[in-house]
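>>> got a predicted model here, sequence first, then my questions.
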Amino acid sequence: MKRAIPHTFGLALGVTAALLWQAEALAQEPAHEHARAPADAPSNEDVTPPSVLTHVDAQYPPSARQARKHGDVVLALTVDADGHVSKVDVFESGGADLDEAAIVAARQWTFVPAKRAGKPLASRIRVPFHFAPPAPPPELVAPPKPGTEPVLAPHVVTTPSAEPAGPAADGATPAPAEVRVTGRPNPPSRGQSDFRIPRTTLTAAPHGSGADLLATAPGVYIAHPEGEAIAQRIYLRGFDAEHGQDVELHVAGIPMNQPSHIHGQGYADLNLVIPETVRSIRVIEGVYDPRQGDFAVAGSADYDLGIEERRSRVKLSYGSFDTKRMVAIWAPEGQPEETFGAANFRTTDGFGNGTRGGISGGAVGQYRIGLPYDVSAILHVGAYAARSNIAGVVRRDDVAAGRIGLYDAYPDPSARAQSAGTSRTQIGITIDRRANEDGSRTSAAMWFYLASFRARTNFTGYTQRSRVQPLWVGRGDLIEQSNDDLGLGGSLSYRSGHLVPIKPFAIQYELGTDVRTNRVQQQQNLLQAPQNETWDQRDDADLRTTDVGVFGDVLVSGSKYVKLRGGARADLLFFDVDDKLGNFTPAFSQKTHLPGFRRTASGIAAGPRATLEGHPTSWLRLSASYGEGYRSPQARQLEEGEQAPFAKVRSYEAGATVKQGDDISLTAIAYQTDLSYDLAFDPSEGRLDRIGPTTRRGLVGYLLAAPAEWMNVSLSATYVHATLDSPPTPTPENPSPAYVSGQSLPYVPPLLVRSDVALTHNFGTVNAKPLTWKAGYGTTFLSSRPLPYGQTSPPVFLLDATIGVRRDWLELSLDAFNLLDARYADTEYAFVSNWQSGAVPSRVPARHITAGAPRALLASLTLYL
Amino acid sequence: MKHHVVLVRSFVVVAGVLAVALAGCVEASQEAVAYDAVAVSRDAAKDTSSGWIVTLSRADVALGPFYFCAAASGSSTLCASSIAEVAGVTVVNALAPAPSPLGRVHGFSGNVQSVSYDFGISWFDTQTAATPAPSLPGGHSMRLEGEARKGAMLVSFTADVDVVPQYQGQNALSTASAIASVESSATRLEVVLHPAGWLRQVDFDAIAATGKVPFAIRPGSAEHGAILVGIKNLSPLEFRWTAAAAP
């Protein structure tokens, strides 16, 4: 009874459905060309609906035969990205027996899945069945009213022995079909460096955390030098963006960067993100969008959350270093992809000699609500907490001499006392009024978060001297940092309809504002292990910061060949600092006042951003972009009444994309980023200090290809020449630092090559259920990184791979991280330390490393409910 | 399919361009250097500036560690990060006519303006008390033996000298001038000693009056304090950087 639908029919059905869907999509937007890619609107653009590959006819149930029962059943099918029916709901019942017959048949159908930009994605469609007894002859039903789910042609059923009457066979016109791809933001492109990383690429290789997903973007490398309770370290196109200081990060529209964080300005912990819930990531490398705020120095990344396959599931994993992970996802059928709940818990002993153990867990939930007047709202709740031990750094010379293992920690109480604990809870609501026929749109959002942070790290061993009691020395440089942050903010924007002041020019503008206010309490002390007694106080401050940003954005279109997008952004930042240890009197001086220094400061930063885009042919896209952005200062470093000194960033790029259908595209970009002053990590204080102006110039090549139905390839190579443009800031130790023109910035890899390859294929069925295998890998190559003092780190090549098989509700997979077991430094520094590994301590800066994780395997069992 | 081939080839070309662009683009301001340090004695055995003619017959001196700083003050509290160092202790015969090896200087190219150092007794951050290095002569920074003559008076003496850091985490000689611009490893450091000059402040008249032969100068005595003044102020070590053959 099972047969493949003839190719021509499938094609016709697919085309018809596509046309109907397209008509639906167009109906939501004005006919103007620009309206088909509305900013931030849920978009069906580039989505092709699923088409039937094989189908099984429903059997007329014997129980209905006597009554010669006629009936209509409409099923809502969820077609997953593999083309299988993952969920069946009865949309309109025709009675229990007819419903059951339709469900049994529909579960065996297979589809060519819906696709966006050539990448398969889950979709939901409606399939009507009509049941009729053997005589009189089969009749057709009228197409159901358009609903929220797509509808395939009515499927007419007669008797079990009857020849199936498909839509083509009976000549019926397929009913209107709609593929609903809900709520995926599709803002307009901001040049060639505006990358949209689809889930196909995100899931090609295994990723241990939500932050690691960013590594799939060109020019991005993610490191985890301090475990899972401290934010990842991001390298992006020549920027050592530390824990987020130079990359503006949003998750579901909620900003993750924390202003004036004690561990680094713009600290942003992406561990809150559960990788399985990420639908796509938009990464803009540069400052070209007026919406980008004060942390978009190297660029920005927006995590879009959603669960495409609408089936709840539980995933249990176990692997190397006694790592256990459990993920539970609730993805109710019939709900949009943005509606889901997910929770995960993870414990691990970590690699090395028992100093990297950690426990973490979190939950993320979203609910999308449809409201009257084309208004929809998404509620978002997220929370994450973690505690982990930290192995810290080891000196390379100690490793080379065999005094310590690469993966070990120093057997010193202060080294062994390193740990971190963090938590973050965030709530947000986004309200959108969908685009009107003229393309206008209004949106608003509110959010707040509460984040705590406490870390104890020792980078330098025993070098510090107490400020409070200068004779106290040698008690261990265990730096304790704490940061409690309450953030509250929101945004409001209005996008106009399409205006045509003078033909052929069309204009659409958007005005918006976003605000953010934070209350931060932070401290930094030195502790003496193992009792963690406080032996020095370095910082104790209460901060109040407010950022009011406004932006305007205009799209000007002269023809279908050329578009100009651009605008400007201005931010007012206000700081109120209660520095409780300010005006500190050293112990050897006579006290003339009590400690404390309270001050306020403010400043305004503004800059334009613009992208000129040309489409000379259907397969070629050219663009050039320019933007000015800024980095806000660490509040504690401001003086009374100081006009906040913003670091100015200027981004330039020009590039081209050659595209052939959805199968292949190649992007080439040349870029430059100038920064008026940069920041660098100071290990003696465990935070960032100011250095001079810097420039980054480079080239990017980015290839996306789907050479076969079952294969997707993403390959990028990013080259950067990052230089310091003036001598480094003098220090007491080095009042006239050495400098040569064009001096390379340390720590950033000049060449970064990344590939992600995903393979998915069906290889038969077991008990009428298809067996699908999936394999994939991701590779990262970092060229030798320049280090201070003319040294270079060795190149790094990493391979992560995954393989899995799934049959209906059961999936088994095996992930391998660092499959080649490369021994490498995740991060590398140069500074003075004293870990007592020699009789005479050295005071010359030495290379220190945090070890990258060795090979680790993780086996997972996923049960779909 | 041809498009695929063209595009893939284009990508290979782009990757090739990137690889070529990568070559030779790293510019560094400083480079690691390592070179020899030697102790050189100057007029080691005799000094007449105190009115006494001091002649040493033995001068075993512990030298090191040395920390060189780019700043004018080499004190550990002001210069936690050195530009070069000799991270070891060597006992030299300060009367030897030939240079005595002091080990290797490890560090980076650049300007040197100051130095802090010990004479074998250090009080590092992690030590609860000043501690002599194991190789020290009798556990002291130096052992001096000799005689002082003025007219018909002759005094023979021995001195066990401890040059001890004053505070935990500081060097015995917390900062001294040492000027150089080191550009490469083709360099040699000469540490110049004038041990007889260290005894300029010693009151040999008072020693002669004691009639003790030989007179033993021990730590804590007034004579010991006078030698410390000589070591730190009157005749401190000198540091000279000279060109040397590249290693």
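Yep, that arrived. Numbers count the residues shown, from 1 in each chain, chains lettered A, B, ... in the order given.
>>> number of nearby residues for residue B:238?
15 (other C-beta atoms under 10 Å in any protein chain shown). Every C-beta, even on glycine, is put in place using the N, C-alpha and C of the backbone.
>>> isn't it right up against residue B:189?
No. Contact criterion C-beta atoms under 8 Å: residue B:238 and residue B:189 do not qualify, at 10.9 Å.
>>> beta-bridge partners for the residue positioned nearest the centre of chain A, please?
Residue closest to the average C-alpha location in chain A (C-alpha atoms, centre = their mean): residue A:303, at 3.7 Å. Residue A:303 forms beta bridges with residue A:251, residue A:281, as assigned by DSSP bridges.
>>> how far away is it from residue B:124?
49 Å (C-beta to C-beta, to the nearest Å).
>>> swap in residue A:513?
For residue A:513 relative to residue B:124 (C-beta to C-beta), the value is 57 Å.
>>> look at these two and report which has more neighbours.
Neighbours were counted for residue A:513 and for residue B:124 using other C-beta under 10 Å; residue B:124 has more, 23 against 13.
>>> give me the pLDDT value at the residue nearest to the centre of chain A.
pLDDT for residue A:303: 97.
>>> do residue B:139 as well
92.
>>> hmm, residue B:132 and it touching each other?
Yes. Residue B:139 is within contact range of residue B:132, at 4.9 Å (criterion: C-beta under 8 Å).
>>> I figured the residue nearest to the centre of chain A hits residue A:251, correct?
Yes. Look at residue A:303 against residue A:251 with C-beta under 8 Å: they come within range, at 4.4 Å.
>>> now for those two: what residues contact both?
Listed as contacting both residue A:303 and residue A:251 by C-beta atoms under 8 Å, 6 or more residues apart in numbering or on different chains are A:210, A:270, A:273.
>>> any idea how many residues pack against the last one?
As a burial measure, residue A:273 scores 26 neighbours (other C-beta under 10 Å).
>>> could you do residue A:209 as well?
Counted with other C-beta under 10 Å, residue A:209 comes out at 19.
>>> that one belongs to a helix?
No. Counting by DSSP: H, G, I helix; E, B strand; the rest coil, residue A:209 is not found in a helix; it is coil.
>>> what sits against the residue positioned nearest the centre of chain B?
Nearest to the geometric centre of chain B sits residue B:66, at 4.1 Å (C-alpha atoms, centre = their mean). For residue B:66, the contact set (C-beta under 8 Å, 6+ apart) comprises B:37, B:85-86, B:105, B:115-117, B:191.
>>> ok, what's across the strand from it?
With DSSP bridges as the rule, residue B:66 is bridged to residue B:86, residue B:117.
>>> low-confidence ranges in the chain?
With no chain named, the answer covers chain A. Where chain A drops to pLDDT under 70, the residues are A:1-47, A:54, A:65-69, A:117, A:133-186, A:435-437, A:684-688.
>>> actually chain B
Scanning chain B with the threshold set as pLDDT under 70 gives B:1-27, B:44-45, B:49-50, B:245-247.
>>> hmm, try it at 80
B:1-29, B:43-50, B:74, B:76-77, B:245-247 (pLDDT under 80).
>>> the helices in it, which residues?
Taking DSSP state H to define them, one finds helices in chain B at B:2-22, B:204-210, B:222-229.
>>> for the residue lying closest to residue A:845 once chain neighbours are set aside, give its distance to residue A:221.
Closest residue to residue A:845 apart from its sequence neighbours, by C-beta to C-beta, 6 or more residues apart in numbering or on different chains: residue A:830 at 4.7 Å. Here residue A:830 is placed at a distance of 19 Å from residue A:221 (C-beta to C-beta).
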